[in-house]
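**Student:** Return a 3D structure for these sequence lines:
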Amino acid sequence: MSDQERNHSAHSDALGDIDWTHYGRQAQSIREGVSQETEPQASDWQQPESEEPAAETAEESETEAAEVYSEAEAEEYAEEVYDGEAYAEDQLTEEEARQAYEEDYTPRRRPLVPPEPPQPPEQPQPVQKKRRRARSVGVTFLVALLYVVSVLSIAFVTATLGWKWANDLLALNKEEHTASVTIQAGDGVDEVAQKLKDNGLIEYPFLFEVFAGFTNKAEKISSGTYELNTNMDYSALLSNISASSKARETVTVTIPEGYTVEEIFQLLEKQGACTVEQLEQSALNDEFDYPFLRDLERGDNPYWMEGYLFPDTYEFYKDGDAKLVLAKMLYNYSNKFSDEMKTRAERLGYSQHEIMIIASIIEKETDGKDQRDIASVIYNRLQPDNNETLGKLQMDSTIQYILDERKEKLTEEDLTIDSPYNTYQNEGLPAGTICNPGMEAIQAALYPNTTTYYYFILGNDGVTHFFSKYSDFNDFRNGIPVEPEGEDEDFLTLDDELEEQENQ
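**Tutor:** Purely as a prediction, here's the structure:
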């Protein structure tokens, strides 16, 4: 064996007794956080007593160190503790190797401290997380940018819409425009709003609906035709489509005397007040609390108010409420038929309704010039003891009322129609009024002339001729001249008869 080999062997023997596992555990404690400022103590370098065999080579010590170090750290530590090649080159003896080891490597030895309980190792942060953080910052920036852009866009759109809504609500910056808007009964606020838009008065129907509901004005909307313009804001529009609006269009309707209810309904529709259907439905279903209507039978007859829609000139709202139209005419009649007239009817021995029946016959039988004489004929015929008509009125007008179409001359067949309105077949008054008489006819029914007439006929001369006897009436009708009747000096007037009855 050469000297170099012996020196290397001696150095290996000298270091073979070192417990590298102990040093590995000490190094692990240092690596896990034990303070490196602790001064090395002599005892730290003492070989611990151990029954385990010592590592024999640098490679084994390196393996031991690798248990607590990474591969690079373990290699570095092993080379620091044992540099076999360096000692081999110096060709030292075992004693010299130990001495050199003590002198040369002691200053570089790492301070070793007693081991402490192991702490969980910190997880190393991957390098790529930095890149993720960079990407995260970029994404955050983009999100923030999109958020700002969205907020600004919404603010812009809101501001633009808000300005447009405000202009529409307050009627600002609108071109002048006037329109006639018809609101039907039963139209909801959504339908009204759409009609206003269709007529160019508003731009945003949904906004109008919201405003009408918020201000509680939707319930005040009334049917009718209204003249509106773009100078009206939402509040003004709602005020002007209510029942009390001054903007409502009106129609003037003159109801002629002697018109039937059916003819009045048709006229009202023609003039634009309301439709026939609306009037009929109102007559059948609505309540009209007037004393003179209480004894009338309504049934399914929409014309049951016959006689009480007083003929006059009226101003109605265009496309108005049918009930209000009917109520207006009924109210007018109630004011016209005074208490004095009611008292007169009672004195005559007739009810108010019977007076109206007589008045309606008078209205239909003459043009108004001879109404009081015709009234006297009616009263004379109503007397049950008269020998001329035997209590039958025999008035053509009552037959004409029940015909589908009016005839110029009634036939024999017409005179035999089975109806309570047929005064040729039935005694007394017909079942009801046959038209709506005017005030002159009502006054004639209340204050008839006193005559002995039972018959009358319109001559070719356009004058109504009256007769007390049927023979004279028939001769005149057949073209035979008849001497005019003179006044009977012994004849009592109706008032004289009434006074005489009251005195008895």
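**Student:** Count residues in the vicinity of the residue lying closest to Thr260 once chain neighbours are set aside, would you?
**Tutor:** Spatial nearest neighbour of Thr260, chain neighbours left out: Cys435 (5.3 Å); criterion: C-beta to C-beta, 6 or more residues apart in numbering. (C-beta placed from N, C-alpha, C; glycine too.) Per other C-beta atoms under 10 Å, the neighbour tally for Cys435 reads 27.
**Student:** For Phe292, see how far away Cys435 is.
**Tutor:** 16 Å (C-beta to C-beta, to the nearest Å).
**Student:** and if you look at Gly200?
**Tutor:** Distance, Gly200 to Phe292, using C-beta to C-beta: 48 Å.
**Student:** More neighbours: those two, which one.
**Tutor:** Phe292 (18 against 14).
**Student:** rewinding a little: quick one: classify the residue nearest to Thr260 as helix, strand or coil.
**Tutor:** coil (DSSP: H, G, I helix; E, B strand; the rest coil).
**Student:** How confident was the prediction at it?
**Tutor:** pLDDT recorded at Cys435 is 97.
**Student:** show me the contacts for it.
**Tutor:** With contact taken as C-beta atoms under 8 Å, 6 or more residues apart in numbering, Cys435 is in contact with Gly258, Tyr259, Thr260, Glu306, Gly307, Ser360, Glu363, Lys364, Tyr401.
**Student:** Work out for me the element the fifth one sits within.
**Tutor:** For Gly307, there is no enclosing helix or strand under DSSP states H and E.
**Student:** Against Arg344, how distant is the nearest residue to it once chain neighbours are set aside?
**Tutor:** In this structure, Gly307 finds its nearest non-sequential neighbour in Thr433, 3.0 Å apart by C-beta to C-beta, 6+ apart. Distance of Thr433 to Arg344, computed by C-beta to C-beta: 18 Å.
**Student:** So for these two, which sits in the more crowded spot?
**Tutor:** Applying other C-beta under 10 Å to Thr433 and Arg344 shows that Thr433 carries more neighbours, namely 27 against 17.
**Student:** residues contacting the more buried one?
**Tutor:** Counting by C-beta under 8 Å, 6+ apart, Thr433 has contacts Glu306, Gly307, Tyr308, His353, Met356, Ile357, Ala359, Ser360.
**Student:** 7 Å instead?
**Tutor:** Glu306, Gly307, Met356, Ile357, Ser360 (C-beta atoms under 7 Å, 6 or more residues apart in numbering).
**Student:** The second one and Met356 touch, don't they?
**Tutor:** The reference is to Gly307. Yes - Gly307 is in contact with Met356 according to C-beta atoms under 7 Å; the separation is 4.5 Å.
**Student:** got any residues that touch both of the two?
**Tutor:** Thr433, Pro437.
**Student:** Kindly confirm my reading that Pro378 is in a helix.
**Tutor:** Actually, residue 378 is Ile rather than Pro. Yes - counting by three-state DSSP, Ile378 is part of a helix.
**Student:** Now it: closest residue in space that isn't a chain neighbour?
**Tutor:** Counting by C-beta to C-beta, 6+ apart, Ile378 lies nearest to Ile358, which is 5.7 Å off, once chain neighbours are set aside.
**Student:** Surely the one you found and Ala444 touch.
**Tutor:** No - the criterion here is C-beta under 7 Å, and Ile358 misses it with Ala444 at 8.6 Å.
**Student:** shared neighbours of these two, anything?
**Tutor:** Ala375.
**Student:** Buried ones among the contacts of Cys435?
**Tutor:** Among these, those classed as buried by neighbour count (16 or more other C-beta atoms under 10 Å) are Gly258, Tyr259, Thr260, Glu306, Gly307, Ser360, Glu363, Lys364, Tyr401.
**Student:** is it fair to say Lys164 lies in a helix?
**Tutor:** Yes - per three-state DSSP, Lys164 lies within a helix segment.
**Student:** Name the nearest residue to it, ignoring sequence neighbours.
**Tutor:** Using C-beta to C-beta, 6+ apart, the closest residue to Lys164 is Glu203 (7.3 Å).
**Student:** Give me the distance between that neighbour and Thr275.
**Tutor:** 31 Å.
**Student:** Could you do Gln266 as well?
**Tutor:** 10 Å.
**Student:** One more: Glu209?
**Tutor:** Taking C-beta to C-beta, one finds Glu209 at 27 Å from Thr275.
**Student:** what helix or strand is Lys195 on?
**Tutor:** Per DSSP H and E: helix 189-198 holds Lys195.
**Student:** One more: Val181?
**Tutor:** Val181 belongs to strand 178-183, assigned by DSSP H and E.
**Student:** any idea of the angle that strand forms with helix 189-198?
**Tutor:** 160 degrees (axes from the mean of the first three to the mean of the last three C-alpha atoms, to 10 degrees).
**Student:** OK, contacts around Asn436?
**Tutor:** Contacts of Asn436 (C-beta under 7 Å, 6+ apart): Tyr259, Ile264, Glu306, Gly307, Leu309, Phe310, Pro311.
**Student:** Show me which residues of the one helix or strand the second one maps to are buried.
**Tutor:** In other words, Ile264. Assigned by DSSP H and E, Ile264 falls within helix 261-271. Within helix 261-271, the residues that count as buried by 16+ other C-beta under 10 Å are Val261, Ile264, Phe265, Leu267, Leu268.
**Student:** Would you check that the third one makes contact with Leu279?
**Tutor:** Yes - at 4.6 Å, Phe265 counts as touching Leu279 under the criterion of C-beta under 7 Å.
**Student:** How about stretch 414-422, which residues are buried there?
**Tutor:** Across stretch 414-422, burial judged by 16+ other C-beta under 10 Å covers Asp414, Tyr421, Asn422.
**Student:** which one among those gets closest to Leu237?
**Tutor:** Tyr421 (50.7 Å; C-beta to C-beta).
**Student:** quick one: the closest one from Ala431, how far?
**Tutor:** 6 Å.
**Student:** ok, Thr451 touching Ile378?
**Tutor:** No - counting by C-beta under 7 Å, Thr451 stays clear of Ile378, with 11.0 Å between them.
**Student:** ok, Lys246 - contacts?
**Tutor:** Contacts of Lys246 by C-beta under 7 Å, 6+ apart: none found.
**Student:** That one sits in which helix or strand?
**Tutor:** Here Lys246 is assigned to no helix or strand, by DSSP H and E.
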